[in-house]
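In: got a sequence here, can you model it:
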Amino acid sequence: MADTLHTLLHDIADKAAQATGLIVRQRQVTGSKLLKTLLFAWAQKEEASVSGLARAGFDHDLKISAQGLDKRFTQTTADFLKAVLDAAVNLPLCADSPCLPELFSRFPAIYVTDCSTVTLPEALAARYQGTGGVGQANRAGVKLDVRLEVLSGLLSLDLLQGRTSDNKSPGAAACHEPNCLRLSDLGYFNLARMREQDSRGEFWISRLQPGTAAVVGGDATDLDRCLVALGKKGILQWELRAEVGAKERLPVRLLLWRVPGDQASRRRAKMKENAQNQGRKPSQAALALCDWNVMITNVPTEMLAFEEVYVLYRVRWQIECLFKLWKTHGRLGKSRSGKPERILCEFYVKLLVALVLHWLCLLGLWQKAHRSLVKGCQLLREQAPRLAACVRDPSALVALLAEFSERFHYGCLLNTRKKNPNTSQRIVSKKAFC
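Out: Alright, predicted model coming up:
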(Lines give C-alpha, C1' and ligand atoms only; values in the text may rest on other atoms or scores of the structure.)
Protein backbone atom coordinates (compact mmCIF):
# COMPACT_ATOMS: atom_id res chain seq x y z
CA MET A 1 0.00 0.00 0.00
CA ALA A 2 2.82 2.40 0.85
CA ASP A 3 4.54 1.70 -2.48
CA THR A 4 1.28 2.25 -4.36
CA LEU A 5 0.54 5.56 -2.65
CA HIS A 6 4.08 6.80 -3.16
CA THR A 7 4.06 5.84 -6.84
CA LEU A 8 0.65 7.41 -7.45
CA LEU A 9 1.37 10.69 -5.69
CA HIS A 10 4.84 11.17 -7.18
CA ASP A 11 5.80 9.19 -10.29
CA ILE A 12 2.34 8.84 -11.84
CA ALA A 13 1.40 12.43 -10.97
CA ASP A 14 4.54 13.93 -12.51
CA LYS A 15 4.25 11.80 -15.66
CA ALA A 16 0.58 12.76 -16.06
CA ALA A 17 1.47 16.44 -15.66
CA GLN A 18 3.97 16.17 -18.51
CA ALA A 19 1.65 14.10 -20.73
CA THR A 20 -1.30 16.50 -20.39
CA GLY A 21 0.75 19.66 -20.78
CA LEU A 22 0.13 20.88 -17.24
CA ILE A 23 3.90 21.17 -16.75
CA VAL A 24 5.79 22.13 -19.91
CA ARG A 25 9.12 22.92 -18.28
CA GLN A 26 10.51 22.51 -14.79
CA ARG A 27 8.99 25.06 -12.43
CA GLN A 28 8.17 25.49 -8.77
CA VAL A 29 4.76 23.90 -9.42
CA THR A 30 4.92 20.18 -10.23
CA GLY A 31 2.23 17.61 -10.82
CA SER A 32 3.10 15.83 -7.57
CA LYS A 33 3.00 18.98 -5.43
CA LEU A 34 -0.32 20.11 -6.90
CA LEU A 35 -1.93 16.69 -6.55
CA LYS A 36 -0.87 16.21 -2.92
CA THR A 37 -2.02 19.72 -2.04
CA LEU A 38 -5.51 19.21 -3.44
CA LEU A 39 -5.86 15.58 -2.35
CA PHE A 40 -4.96 16.04 1.31
CA ALA A 41 -6.68 19.40 1.69
CA TRP A 42 -10.01 18.03 0.44
CA ALA A 43 -9.46 14.77 2.34
CA GLN A 44 -9.25 16.71 5.59
CA LYS A 45 -11.98 19.26 4.84
CA GLU A 46 -14.52 18.45 2.13
CA GLU A 47 -15.37 22.12 1.50
CA ALA A 48 -11.93 23.69 1.77
CA SER A 49 -11.65 27.19 0.33
CA VAL A 50 -8.98 28.29 -2.15
CA SER A 51 -7.19 30.01 0.72
CA GLY A 52 -7.30 26.76 2.67
CA LEU A 53 -5.89 24.90 -0.32
CA ALA A 54 -3.07 27.44 -0.61
CA ARG A 55 -2.23 27.02 3.09
CA ALA A 56 -2.19 23.23 2.64
CA GLY A 57 0.24 23.62 -0.27
CA PHE A 58 2.97 24.82 2.07
CA ASP A 59 3.16 21.31 3.57
CA HIS A 60 4.03 19.94 0.12
CA ASP A 61 6.55 22.62 -0.84
CA LEU A 62 3.96 24.34 -3.05
CA LYS A 63 4.29 27.99 -2.11
CA ILE A 64 1.56 29.69 -4.07
CA SER A 65 -1.02 32.40 -3.35
CA ALA A 66 -4.72 31.69 -3.26
CA GLN A 67 -5.16 33.78 -6.41
CA GLY A 68 -2.37 31.92 -8.17
CA LEU A 69 -3.82 28.57 -7.20
CA ASP A 70 -7.29 29.61 -8.31
CA LYS A 71 -5.90 30.38 -11.76
CA ARG A 72 -4.61 26.80 -11.90
CA PHE A 73 -8.14 25.42 -12.09
CA THR A 74 -8.25 25.08 -15.86
CA GLN A 75 -9.27 22.47 -18.39
CA THR A 76 -5.64 21.37 -18.59
CA THR A 77 -5.56 20.78 -14.83
CA ALA A 78 -8.79 18.82 -15.11
CA ASP A 79 -7.20 16.64 -17.82
CA PHE A 80 -4.20 16.08 -15.53
CA LEU A 81 -6.38 15.05 -12.58
CA LYS A 82 -8.47 12.77 -14.81
CA ALA A 83 -5.28 11.06 -16.03
CA VAL A 84 -4.16 10.44 -12.44
CA LEU A 85 -7.62 9.12 -11.54
CA ASP A 86 -7.60 6.76 -14.53
CA ALA A 87 -4.22 5.41 -13.44
CA ALA A 88 -5.43 4.95 -9.86
CA VAL A 89 -8.54 3.05 -10.96
CA ASN A 90 -6.32 0.56 -12.77
CA LEU A 91 -4.37 -0.29 -9.61
CA PRO A 92 -5.96 -3.59 -8.44
CA LEU A 93 -5.72 -3.24 -4.66
CA CYS A 94 -7.67 -5.63 -2.45
CA ALA A 95 -7.65 -6.80 1.15
CA ASP A 96 -5.41 -9.57 2.45
CA SER A 97 -7.24 -12.30 4.38
CA PRO A 98 -10.71 -10.85 3.75
CA CYS A 99 -13.57 -11.48 6.16
CA LEU A 100 -15.46 -14.58 5.02
CA PRO A 101 -18.67 -15.37 6.91
CA GLU A 102 -19.83 -18.90 6.10
CA LEU A 103 -22.49 -17.59 3.72
CA PHE A 104 -19.87 -15.66 1.72
CA SER A 105 -17.42 -18.57 1.61
CA ARG A 106 -19.71 -20.49 -0.76
CA PHE A 107 -18.63 -18.21 -3.61
CA PRO A 108 -15.12 -17.30 -4.85
CA ALA A 109 -16.33 -13.71 -5.39
CA ILE A 110 -19.47 -11.60 -4.93
CA TYR A 111 -19.86 -8.65 -7.30
CA VAL A 112 -22.22 -5.77 -6.59
CA THR A 113 -22.77 -3.41 -9.52
CA ASP A 114 -24.59 -0.09 -9.75
CA CYS A 115 -24.45 3.40 -11.22
CA SER A 116 -24.89 6.84 -9.68
CA THR A 117 -25.07 10.19 -11.46
CA VAL A 118 -23.38 13.42 -10.39
CA THR A 119 -24.85 16.61 -11.87
CA LEU A 120 -22.33 19.11 -13.27
CA PRO A 121 -22.60 22.74 -14.45
CA GLU A 122 -24.29 23.21 -17.81
CA ALA A 123 -21.03 24.58 -19.24
CA LEU A 124 -19.54 21.05 -18.98
CA ALA A 125 -22.26 19.46 -21.16
CA ALA A 126 -19.82 19.08 -24.07
CA ARG A 127 -17.62 16.87 -21.87
CA TYR A 128 -20.27 14.99 -19.89
CA GLN A 129 -23.74 15.03 -21.40
CA GLY A 130 -26.53 14.79 -18.85
CA THR A 131 -29.98 13.29 -18.94
CA GLY A 132 -31.79 16.50 -19.84
CA GLY A 133 -35.07 16.38 -17.96
CA VAL A 134 -37.73 19.03 -17.47
CA GLY A 135 -36.40 22.35 -18.74
CA GLN A 136 -33.10 20.66 -19.57
CA ALA A 137 -32.19 21.03 -15.89
CA ASN A 138 -29.62 18.21 -16.05
CA ARG A 139 -27.83 19.02 -19.28
CA ALA A 140 -24.46 18.01 -17.85
CA GLY A 141 -23.73 15.04 -15.65
CA VAL A 142 -21.29 12.18 -15.19
CA LYS A 143 -22.34 8.63 -14.37
CA LEU A 144 -20.24 6.55 -11.99
CA ASP A 145 -20.33 2.90 -13.05
CA VAL A 146 -19.02 0.99 -10.02
CA ARG A 147 -18.32 -2.69 -9.39
CA LEU A 148 -17.47 -3.75 -5.84
CA GLU A 149 -16.17 -7.23 -5.09
CA VAL A 150 -17.50 -7.70 -1.57
CA LEU A 151 -15.08 -10.36 -0.32
CA SER A 152 -11.79 -8.63 -1.18
CA GLY A 153 -12.95 -5.00 -1.46
CA LEU A 154 -11.65 -4.73 -5.03
CA LEU A 155 -13.21 -1.63 -6.59
CA SER A 156 -13.68 -1.00 -10.32
CA LEU A 157 -14.87 2.34 -11.66
CA ASP A 158 -15.77 3.86 -15.03
CA LEU A 159 -16.86 7.44 -15.73
CA LEU A 160 -19.62 7.55 -18.34
CA GLN A 161 -21.78 10.16 -19.99
CA GLY A 162 -24.63 11.05 -17.65
CA ARG A 163 -27.27 9.88 -20.10
CA THR A 164 -25.77 6.37 -20.48
CA SER A 165 -28.21 3.60 -19.58
CA ASP A 166 -27.18 1.36 -16.67
CA ASN A 167 -27.99 -1.61 -18.88
CA LYS A 168 -25.36 -0.51 -21.43
CA SER A 169 -22.57 0.19 -18.95
CA PRO A 170 -19.24 -1.69 -18.72
CA GLY A 171 -20.39 -3.08 -15.38
CA ALA A 172 -23.39 -4.72 -17.00
CA ALA A 173 -21.24 -6.29 -19.74
CA ALA A 174 -18.37 -7.41 -17.46
CA CYS A 175 -17.45 -11.11 -17.38
CA HIS A 176 -16.41 -12.69 -14.09
CA GLU A 177 -15.00 -16.00 -12.91
CA PRO A 178 -17.17 -19.16 -12.78
CA ASN A 179 -19.21 -19.77 -9.62
CA CYS A 180 -19.09 -16.09 -8.62
CA LEU A 181 -22.29 -14.32 -7.51
CA ARG A 182 -23.63 -11.16 -9.18
CA LEU A 183 -26.00 -8.76 -7.40
CA SER A 184 -27.56 -5.78 -9.17
CA ASP A 185 -30.81 -3.83 -9.28
CA LEU A 186 -33.52 -3.73 -11.95
CA GLY A 187 -31.54 -1.21 -14.00
CA TYR A 188 -29.40 -4.19 -15.11
CA PHE A 189 -32.28 -6.63 -15.67
CA ASN A 190 -31.70 -8.34 -19.02
CA LEU A 191 -32.77 -11.97 -19.46
CA ALA A 192 -30.62 -12.57 -22.55
CA ARG A 193 -27.51 -11.38 -20.72
CA MET A 194 -28.46 -13.38 -17.62
CA ARG A 195 -28.65 -16.48 -19.81
CA GLU A 196 -25.13 -15.77 -21.08
CA GLN A 197 -23.88 -15.33 -17.52
CA ASP A 198 -25.50 -18.63 -16.58
CA SER A 199 -23.78 -20.36 -19.50
CA ARG A 200 -20.42 -19.04 -18.23
CA GLY A 201 -21.08 -20.55 -14.82
CA GLU A 202 -21.84 -17.23 -13.10
CA PHE A 203 -24.58 -17.10 -10.48
CA TRP A 204 -26.97 -14.20 -9.96
CA ILE A 205 -29.83 -13.06 -7.75
CA SER A 206 -32.23 -10.41 -9.03
CA ARG A 207 -35.63 -8.95 -8.39
CA LEU A 208 -38.14 -9.84 -11.08
CA GLN A 209 -38.94 -6.98 -13.45
CA PRO A 210 -42.69 -6.19 -13.14
CA GLY A 211 -44.59 -7.37 -16.18
CA THR A 212 -42.15 -10.19 -17.00
CA ALA A 213 -43.94 -13.31 -18.17
CA ALA A 214 -43.59 -16.43 -16.04
CA VAL A 215 -44.23 -20.02 -17.14
CA VAL A 216 -44.73 -22.76 -14.54
CA GLY A 217 -45.05 -26.41 -15.55
CA GLY A 218 -45.35 -25.44 -19.21
CA ASP A 219 -48.32 -23.11 -18.58
CA ALA A 220 -48.22 -19.32 -18.56
CA THR A 221 -48.88 -17.99 -15.06
CA ASP A 222 -50.67 -14.78 -14.18
CA LEU A 223 -48.27 -13.85 -11.41
CA ASP A 224 -50.48 -11.03 -10.13
CA ARG A 225 -53.43 -13.39 -9.57
CA CYS A 226 -51.12 -15.96 -8.06
CA LEU A 227 -49.86 -13.45 -5.51
CA VAL A 228 -53.39 -12.37 -4.63
CA ALA A 229 -54.40 -16.01 -4.13
CA LEU A 230 -51.39 -16.68 -1.91
CA GLY A 231 -52.20 -13.60 0.14
CA LYS A 232 -55.79 -14.74 0.69
CA LYS A 233 -54.52 -18.12 1.89
CA GLY A 234 -52.19 -16.39 4.36
CA ILE A 235 -49.07 -17.80 2.70
CA LEU A 236 -46.07 -15.57 3.39
CA GLN A 237 -43.31 -17.48 1.57
CA TRP A 238 -43.39 -19.58 -1.57
CA GLU A 239 -40.88 -21.00 -4.03
CA LEU A 240 -41.32 -22.72 -7.38
CA ARG A 241 -39.39 -23.56 -10.53
CA ALA A 242 -40.32 -21.38 -13.47
CA GLU A 243 -39.25 -20.04 -16.83
CA VAL A 244 -39.33 -16.25 -17.18
CA GLY A 245 -39.52 -14.13 -20.31
CA ALA A 246 -41.97 -14.53 -23.16
CA LYS A 247 -39.09 -15.20 -25.59
CA GLU A 248 -36.13 -16.13 -23.42
CA ARG A 249 -37.91 -18.74 -21.25
CA LEU A 250 -35.00 -18.56 -18.78
CA PRO A 251 -35.15 -21.36 -16.14
CA VAL A 252 -35.04 -19.87 -12.63
CA ARG A 253 -35.97 -20.38 -9.04
CA LEU A 254 -38.90 -18.00 -8.43
CA LEU A 255 -39.08 -16.91 -4.78
CA LEU A 256 -41.98 -15.00 -3.22
CA TRP A 257 -41.96 -13.30 0.18
CA ARG A 258 -44.84 -11.19 1.47
CA VAL A 259 -43.47 -8.04 3.13
CA PRO A 260 -44.96 -6.47 6.29
CA GLY A 261 -48.00 -4.27 5.73
CA ASP A 262 -46.33 -0.98 6.70
CA GLN A 263 -43.47 -1.61 4.28
CA ALA A 264 -45.96 -2.41 1.49
CA SER A 265 -47.83 0.82 2.20
CA ARG A 266 -44.65 2.86 1.97
CA ARG A 267 -43.83 1.19 -1.34
CA ARG A 268 -47.24 2.02 -2.80
CA ALA A 269 -47.03 5.63 -1.62
CA LYS A 270 -43.58 5.98 -3.22
CA MET A 271 -44.77 4.37 -6.45
CA LYS A 272 -47.77 6.72 -6.66
CA GLU A 273 -45.56 9.73 -5.97
CA ASN A 274 -43.08 8.78 -8.70
CA ALA A 275 -45.87 8.10 -11.17
CA GLN A 276 -47.51 11.45 -10.41
CA ASN A 277 -44.20 13.25 -10.98
CA GLN A 278 -44.05 11.56 -14.39
CA GLY A 279 -47.64 12.45 -15.26
CA ARG A 280 -49.08 8.94 -15.17
CA LYS A 281 -50.87 6.46 -12.91
CA PRO A 282 -49.38 3.20 -11.65
CA SER A 283 -51.15 0.04 -12.78
CA GLN A 284 -53.11 -2.07 -10.35
CA ALA A 285 -50.74 -4.97 -11.07
CA ALA A 286 -47.72 -2.85 -10.12
CA LEU A 287 -49.43 -1.71 -6.91
CA ALA A 288 -50.28 -5.33 -6.03
CA LEU A 289 -46.63 -6.31 -6.39
CA CYS A 290 -45.75 -3.85 -3.60
CA ASP A 291 -46.94 -6.50 -1.14
CA TRP A 292 -44.26 -8.94 -2.25
CA ASN A 293 -40.53 -9.30 -2.77
CA VAL A 294 -40.33 -11.37 -5.94
CA MET A 295 -36.84 -12.72 -6.62
CA ILE A 296 -35.29 -14.96 -9.26
CA THR A 297 -31.96 -16.75 -9.11
CA ASN A 298 -29.98 -19.49 -10.82
CA VAL A 299 -28.19 -20.52 -7.60
CA PRO A 300 -29.27 -24.12 -6.86
CA THR A 301 -31.29 -24.88 -3.75
CA GLU A 302 -28.58 -27.09 -2.27
CA MET A 303 -26.22 -24.08 -2.39
CA LEU A 304 -28.60 -21.40 -1.07
CA ALA A 305 -31.78 -22.00 0.91
CA PHE A 306 -34.85 -19.80 0.42
CA GLU A 307 -34.10 -17.37 3.26
CA GLU A 308 -30.38 -17.21 2.41
CA VAL A 309 -31.23 -15.86 -1.05
CA TYR A 310 -32.93 -12.86 0.54
CA VAL A 311 -30.09 -12.41 3.03
CA LEU A 312 -27.49 -12.26 0.27
CA TYR A 313 -29.51 -9.91 -1.91
CA ARG A 314 -29.45 -7.37 0.93
CA VAL A 315 -25.69 -7.13 0.33
CA ARG A 316 -26.50 -5.23 -2.86
CA TRP A 317 -27.44 -2.25 -0.69
CA GLN A 318 -23.77 -1.88 0.31
CA ILE A 319 -23.00 -0.14 -2.96
CA GLU A 320 -25.77 2.36 -2.23
CA CYS A 321 -24.07 2.97 1.12
CA LEU A 322 -20.81 3.51 -0.77
CA PHE A 323 -22.42 6.16 -2.97
CA LYS A 324 -23.84 7.86 0.12
CA LEU A 325 -20.37 7.80 1.70
CA TRP A 326 -18.91 9.52 -1.36
CA LYS A 327 -21.69 12.00 -2.10
CA THR A 328 -23.11 12.90 1.31
CA HIS A 329 -20.09 12.52 3.57
CA GLY A 330 -17.40 13.20 0.97
CA ARG A 331 -19.37 15.99 -0.78
CA LEU A 332 -18.64 14.51 -4.20
CA GLY A 333 -20.17 16.78 -6.83
CA LYS A 334 -20.44 19.70 -4.36
CA SER A 335 -18.27 22.82 -4.51
CA ARG A 336 -18.05 26.28 -3.01
CA SER A 337 -17.15 27.58 -6.45
CA GLY A 338 -19.30 28.49 -9.43
CA LYS A 339 -16.39 28.12 -11.86
CA PRO A 340 -17.04 25.05 -14.07
CA GLU A 341 -13.35 24.15 -14.46
CA ARG A 342 -12.75 24.23 -10.71
CA ILE A 343 -15.90 22.17 -10.08
CA LEU A 344 -14.65 19.54 -12.54
CA CYS A 345 -11.19 19.53 -10.94
CA GLU A 346 -12.77 19.21 -7.51
CA PHE A 347 -14.95 16.33 -8.71
CA TYR A 348 -11.91 14.38 -9.94
CA VAL A 349 -9.91 15.04 -6.76
CA LYS A 350 -12.76 14.12 -4.40
CA LEU A 351 -13.34 10.91 -6.35
CA LEU A 352 -9.63 10.17 -6.00
CA VAL A 353 -9.89 10.91 -2.26
CA ALA A 354 -12.77 8.40 -2.04
CA LEU A 355 -10.67 5.79 -3.84
CA VAL A 356 -7.62 6.33 -1.61
CA LEU A 357 -9.73 6.17 1.56
CA HIS A 358 -11.26 2.93 0.29
CA TRP A 359 -7.78 1.50 -0.24
CA LEU A 360 -6.76 2.44 3.29
CA CYS A 361 -9.86 0.75 4.72
CA LEU A 362 -8.61 -2.48 3.12
CA LEU A 363 -5.63 -2.47 5.49
CA GLY A 364 -7.56 -3.67 8.52
CA LEU A 365 -11.15 -2.52 8.51
CA TRP A 366 -12.35 -4.66 5.59
CA GLN A 367 -11.47 -7.83 7.50
CA LYS A 368 -14.07 -7.03 10.17
CA ALA A 369 -17.54 -8.51 9.70
CA HIS A 370 -19.32 -5.53 11.28
CA ARG A 371 -17.21 -2.76 9.77
CA SER A 372 -18.49 0.79 9.34
CA LEU A 373 -16.90 2.48 6.34
CA VAL A 374 -18.35 5.81 7.46
CA LYS A 375 -16.55 5.62 10.79
CA GLY A 376 -13.40 4.25 9.15
CA CYS A 377 -13.27 7.13 6.69
CA GLN A 378 -13.91 9.60 9.51
CA LEU A 379 -10.85 8.22 11.26
CA LEU A 380 -8.76 8.53 8.11
CA ARG A 381 -9.89 12.11 7.46
CA GLU A 382 -8.96 12.98 11.04
CA GLN A 383 -5.49 11.55 10.39
CA ALA A 384 -5.10 13.13 6.93
CA PRO A 385 -2.48 15.72 8.08
CA ARG A 386 -0.28 12.93 9.44
CA LEU A 387 -0.68 10.95 6.25
CA ALA A 388 0.25 14.01 4.19
CA ALA A 389 3.41 14.47 6.27
CA CYS A 390 4.52 10.86 5.68
CA VAL A 391 4.01 10.39 1.95
CA ARG A 392 7.58 11.36 1.05
CA ASP A 393 9.14 9.02 3.63
CA PRO A 394 8.43 5.35 2.74
CA SER A 395 9.43 3.96 6.14
CA ALA A 396 7.34 6.52 8.04
CA LEU A 397 4.42 5.83 5.71
CA VAL A 398 4.62 2.08 6.35
CA ALA A 399 4.62 2.70 10.10
CA LEU A 400 1.60 5.00 9.89
CA LEU A 401 -0.36 2.56 7.73
CA ALA A 402 0.38 -0.20 10.27
CA GLU A 403 -0.94 2.13 12.96
CA PHE A 404 -4.12 2.69 10.94
CA SER A 405 -4.75 -1.06 10.79
CA GLU A 406 -4.66 -1.10 14.60
CA ARG A 407 -6.72 2.08 15.00
CA PHE A 408 -9.56 0.44 13.05
CA HIS A 409 -10.19 -1.76 16.12
CA TYR A 410 -11.50 1.25 18.03
CA GLY A 411 -14.66 3.18 17.17
CA CYS A 412 -15.00 1.90 13.59
CA LEU A 413 -17.63 -0.84 13.96
CA LEU A 414 -21.38 -0.78 13.41
CA ASN A 415 -23.67 -0.60 16.40
CA THR A 416 -25.59 -3.86 16.68
CA ARG A 417 -29.39 -3.66 16.55
CA LYS A 418 -31.96 -6.01 18.07
CA LYS A 419 -35.15 -4.72 16.45
CA ASN A 420 -33.89 -4.27 12.88
CA PRO A 421 -30.55 -6.09 12.51
CA ASN A 422 -28.14 -4.57 10.02
CA THR A 423 -26.93 -6.51 7.00
CA SER A 424 -23.72 -7.75 8.63
CA GLN A 425 -25.73 -9.25 11.51
CA ARG A 426 -28.07 -10.97 9.06
CA ILE A 427 -25.13 -12.37 7.07
CA VAL A 428 -23.79 -14.02 10.22
CA SER A 429 -27.19 -15.24 11.48
CA LYS A 430 -28.48 -16.09 7.94
CA LYS A 431 -31.85 -14.65 8.97
CA ALA A 432 -33.67 -12.40 6.49
CA PHE A 433 -37.09 -12.24 8.14
CA CYS A 434 -36.29 -11.40 11.77
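In: other residues contacting stretch 214-234?
Out: For stretch 214-234, the external contacting residues (Cβ atoms under 8 Å, 6 or more residues apart in numbering) are 208, 213, 238, 240-244, 249, 254, 256, 258, 285, 288-289, 291-292, 294. In short, each C-beta sits where N, CA and C put it, glycine included.
In: now Asn190: closest residue in space that isn't a chain neighbour?
Out: With Cβ to Cβ, 6 or more residues apart in numbering as the criterion, Asn190 has its nearest non-adjacent residue at 5.9 Å, and that residue is Asn167.
In: that neighbour belongs to a strand, doesn't it?
Out: No. Secondary structure of Asn167 (DSSP: H, G, I helix; E, B strand; the rest coil): helix, not part of a strand.
In: sec struct for Leu157, please.
Out: When states are read from three-state DSSP, the local structure at Leu157 comes out as strand.
In: hang on, the earlier thing: need the buried ones from the contacts of stretch 214-234 selected in ChimeraX.
Out: Of those, the buried ones go into a single ChimeraX selection, burial set by 16 or more other Cβ atoms under 10 Å:
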select :208,213,238,242,243,244,254,256,258,288,289,291,292,294
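In: dump the residue contacts of the residue nearest to Asn190.
Out: 187-190.
In: Ser152: how many residues sit nearby?
Out: 19 (other Cβ atoms under 10 Å).
In: would you mind measuring from Ala54 to Arg381?
Out: Computed as Cβ to Cβ, to the nearest Å, the Ala54 to Arg381 distance reads 20 Å.
In: hmm, I was thinking of Tyr313
Out: According to Cβ to Cβ, Tyr313 and Arg381 sit 32 Å apart.
In: one more: Leu100?
Out: For Leu100, the distance to Arg381 (Cβ to Cβ) stands at 29 Å.
In: between these two, which one's more packed in?
Out: In this comparison of Leu100 against Arg381, neighbours counted by other Cβ under 10 Å, the higher total goes to Arg381 at 19 against 13.
In: Gly162 contacts Gly141, correct?
Out: Yes. Between Gly162 and Gly141 a contact is recorded at 2.9 Å, counting by Cβ atoms under 8 Å.
In: which residues are common contacts for these two?
Out: What both Gly162 and Gly141 touch, as defined by Cβ under 8 Å, 6+ apart, is the set 117-120, 128-131.
In: what's the farthest-apart pair in these?
Out: Spatial extent of these (Cβ to Cβ) is set by the pair Val118 and Gln129 at 13.1 Å.
In: who has more neighbours, those two?
Out: Remark: of Val118 and Gln129, Val118 carries more neighbours, 22 against 19, as counted by other Cβ under 10 Å.
In: and the nearest residue to the more buried one once chain neighbours are set aside, helix, strand or coil?
Out: Excluding the flanking residues, the one nearest Val118 by Cβ to Cβ, 6+ apart is Gly333, at 3.8 Å. Three-state secondary structure (criterion: three-state DSSP) places Gly333 in coil.
In: can you show me the strands along this structure?
Out: Shown for the chain, the strands assigned by DSSP state E span residues 110-119, 129-132, 138-149, 155-161, 181-184, 203-207, 214-216, 219-221, 237-244, 250-258, 292-297.
In: format those as JSON lines; extra columns: distance to Cys377 and mean pLDDT.
Out: Putting those into JSON lines (distance: least, Cβ to Cβ, whole Å; pLDDT from 0 to 100) gives the following:
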{"stretch": "strand 110-119", "distance to Cys377": "17", "mean pLDDT": "95"}
{"stretch": "strand 129-132", "distance to Cys377": "28", "mean pLDDT": "84"}
{"stretch": "strand 138-149", "distance to Cys377": "15", "mean pLDDT": "93"}
{"stretch": "strand 155-161", "distance to Cys377": "14", "mean pLDDT": "95"}
{"stretch": "strand 181-184", "distance to Cys377": "23", "mean pLDDT": "96"}
{"stretch": "strand 203-207", "distance to Cys377": "28", "mean pLDDT": "96"}
{"stretch": "strand 214-216", "distance to Cys377": "43", "mean pLDDT": "86"}
{"stretch": "strand 219-221", "distance to Cys377": "47", "mean pLDDT": "72"}
{"stretch": "strand 237-244", "distance to Cys377": "38", "mean pLDDT": "91"}
{"stretch": "strand 250-258", "distance to Cys377": "34", "mean pLDDT": "94"}
{"stretch": "strand 292-297", "distance to Cys377": "31", "mean pLDDT": "93"}
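In: of these, flag the one that's most buried.
Out: Burial among the strands of the chain, expressed as mean neighbours by mean count of other Cβ atoms under 10 Å, is greatest for strand 181-184, which shows a mean of 25.
In: in terms of secondary structure, what does that one contact?
Out: In this structure, strand 181-184 makes packing contacts with strand 110-119, strand 203-207, helix 306-313, judged by 3 or more Cβ pairs under 8 Å, 6 or more residues apart in numbering; DSSP states H and E.
In: what lines up beside the shortest one in the sheet?
Out: As defined by DSSP bridges, the strand partners of strand 203-207 come to strand 181-184 (parallel), strand 292-297 (antiparallel).
In: between the last one and helix 306-313, how big is the angle?
Out: Between the axes of strand 292-297 and helix 306-313, defined by axes from the mean of the first three to the mean of the last three Cα atoms, to 10 degrees, the angle is 90 degrees.
In: how near is the residue sitting nearest the centre point of the chain to Leu351?
Out: For the chain, the residue nearest the mean C-alpha position is Ile319 (3.9 Å; Cα atoms, centre = their mean). Here Ile319 is placed at a distance of 15 Å from Leu351 (Cβ to Cβ).
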